[in-house]
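Colleague: let's see this in three dimensions:
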Amino acid sequence: MAIVDIIKNETPSDSFFVWKYPNEEIKISSQLIVGEGQQAIFVKGGEALDTFGPGTHTLTTGNLPLINKIINLPFGGDTPFPAEIYFVATTVKRDLKWGTANPIPLMDKSLGFPVSVRAYGKWGIRIKDSRPFLVQFVGSQSYADDEKIHSYLIGEINQKIGDILGEKLRDGTPVLEINADLNELSNEAAENIKDEFEKYGLEVVNFNVENINIPEDDLEKIQDVLQKTFEAEQLSKVQLGESFAAIKSFEILKDAANNESDGGVGAMMSAGIGLGAGFPLGQQMGKNMTVEADAGTATAPGNDIVAKLKDLKTLFEQGLITEEQYKEKQSKLLDSL
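Modeller: Prediction:
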């Protein structure tokens, strides 16, 4: 009784994607054993040809039509024919890890300078169409596992992630807020990667962005810029308060000049000069108005202080001076009584 050759997947690893049968001399009548979640594909001249699903198959010219068309298979006997056999895992590979090996530089519109970001997560794929996967992806490799697949695909994953994050930053999303909706990022990335990997015969079954972070050096730079921006805004508020006070001093002095009552002129000028303390415009116009009004009439010091306190309180209530500035000036006015 003739010995029948057995052809089967002999790799013990569950992480394999592709394993090539080491013997390339195949005999008709050999038994091909394909496990569950696998396919066996005959390859000749770099072209993926006849495919077998799970089960035990006795090789004949009848179930190798594509190979037979190319090399005219022998009928029975021990005469072998040359061909490569690849076993391909068709089960879903979940929880494969991905991550950016190097930070991705992106321009943050809100900050006005580029910031580097890193991202990582997990994804799941399966080989949906073995033929393009073998021809375009594996090539002459005799074995491919999770790690090798990752090394093949990580470049395209990083590019897609970089494109998506870059678009969000260009739309005005600050880099510090980009982690706010990882589900949306994950779904968008999955759609983009899915279309790209279909050409390899791969189906993306899940893709998750678990975290996006910023390297320490860039984070310190951002914090420094935000601190300086905050300080500049506070200074701007103080300057705005001073400008408002100067304008108010001008209006008070103008009203005083138009007042026909000498007593009114003196009182309002005194109030105007008081409000202008520390504000050059108010001081200068107060002096000019005092000369023109021929300051012959004086206002009681108490009334002058009261007017200044009222105006000072108005500035504080409108947020044009800080509480510290308000209390300091209030104390000085009260001490002058």
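Colleague: below-threshold pLDDT in the chain: ranges please.
Modeller: Within the chain, the set of residues satisfying pLDDT under 70 comprises 1-4, 75-77, 140, 228-303, 318-320, 337.
Colleague: who are the packing partners of the longest strand seen in it?
Modeller: In terms of residue count, the longest strand belonging to the chain (DSSP state E) is strand 113-127. On a contact count with 3 or more CB pairs under 8 Å, 6 or more residues apart in numbering; DSSP states H and E, strand 113-127 meets strand 93-99, strand 104-108, helix 146-170, helix 182-197, strand 202-213, helix 216-258. The way it works is simple: take the backbone N, C-alpha and C, and place the C-beta from them, glycine included.
Colleague: those: which one's closest to residue 68?
Modeller: Closest to residue 68 of those is strand 202-213 (CB to CB; 29.7 Å).
Colleague: which residues are contacting the closest one?
Modeller: Residues outside strand 202-213 that contact it (CB atoms under 8 Å, 6 or more residues apart in numbering): 92, 94, 117-128, 133, 137, 161, 165, 178-179, 182, 185-186, 189-190, 193-194, 197.
Colleague: ditto for stretch 146-162
Modeller: For stretch 146-162, contacts defined as CB under 8 Å, 6+ apart pick out 15, 17, 93, 96-101, 104, 106, 119, 123, 125, 137, 141, 144, 189, 192-193, 196-197, 209.
Colleague: please pick the buried ones from the residues you listed.
Modeller: In the contacts of stretch 146-162, burial by neighbour count holds for 17, 93, 96, 98-100, 104, 106, 119, 123, 125, 137, 144, 189, 192-193, 196-197, 209, counting by 16 or more other CB atoms under 10 Å.
Colleague: what ranges do the strands span in the stretch 1-150 of the chain?
Modeller: 6-8, 16-20, 25-27, 31-34, 38-44, 47-52, 55-58, 80-82, 84-89, 93-99, 104-108, 113-127, 143-145 (DSSP state E, counting those that start in this stretch).
Colleague: tell me how far stretch 18-37 is from the chain's mean position?
Modeller: Per CA atoms, centre = their mean, to the nearest Å, the displacement of stretch 18-37 from the mean C-alpha position of its chain is 46 Å.
Colleague: now stretch 71-80
Modeller: Distance, centroid of stretch 71-80 to centroid of chain: 59 Å (CA atoms, centre = their mean).
Colleague: circling back to that earlier point, which one of the helices and strands packed on strand 113-127 lies closest to residue 80?
Modeller: For those, the distance to residue 80 is smallest for helix 146-170, at 29.8 Å, taking CB to CB.
Colleague: what comes up buried for that closest one?
Modeller: By neighbour count with 16+ other CB under 10 Å, helix 146-170 contains the buried residues 146, 148-149, 153, 157-158, 160-162, 164-165, 168-169.
Colleague: next, the angle strand 202-213 makes with it.
Modeller: Helix 146-170 runs at 60 degrees relative to strand 202-213, counting by axes from the mean of the first three to the mean of the last three CA atoms, to 10 degrees.
Colleague: tell me what angle helix 146-170 forms with helix 182-197.
Modeller: Using the same axes, to 10 degrees, the inter-axis angle of helix 146-170 relative to helix 182-197 is 120 degrees.
Colleague: off-centre distance for helix 146-170?
Modeller: Averaging C-alpha positions (CA atoms, centre = their mean) puts helix 146-170 12 Å from its chain's average.
Colleague: could you do stretch 144-151 as well?
Modeller: Counting by CA atoms, centre = their mean, stretch 144-151 comes out at 26 Å from the chain centroid.
Colleague: send me it as PDB with only the CA atoms.
Modeller: Listed next in PDB are the C-alpha coordinates belonging to stretch 144-151 (Å, rounded to 0.1, in the frame of the first residue of the first chain):
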ATOM      1  CA  ALA A 144       4.200  36.200   9.300                       C
ATOM      2  CA  ASP A 145       2.800  36.700  12.900                       C
ATOM      3  CA  ASP A 146       1.300  39.500  14.900                       C
ATOM      4  CA  GLU A 147       4.600  41.300  15.300                       C
ATOM      5  CA  LYS A 148       5.500  41.200  11.600                       C
ATOM      6  CA  ILE A 149       2.000  42.400  10.500                       C
ATOM      7  CA  HIS A 150       2.300  45.300  12.900                       C
ATOM      8  CA  SER A 151       5.700  46.300  11.400                       C
END
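Colleague: please parse this structure into its domains.
Modeller: With domains defined by automatic domain parsing, the chain comprises 6-89, 93-214, 220-335.
Colleague: end-to-end on the longest one?
Modeller: The reference is to domain 93-214. One end of domain 93-214 sits 29 Å from the other (CA to CA, to the nearest Å).
Colleague: ok, the last one next?
Modeller: End-to-end distance of domain 220-335: 46 Å, with CA to CA as the criterion.
Colleague: cheers, nothing more for now.
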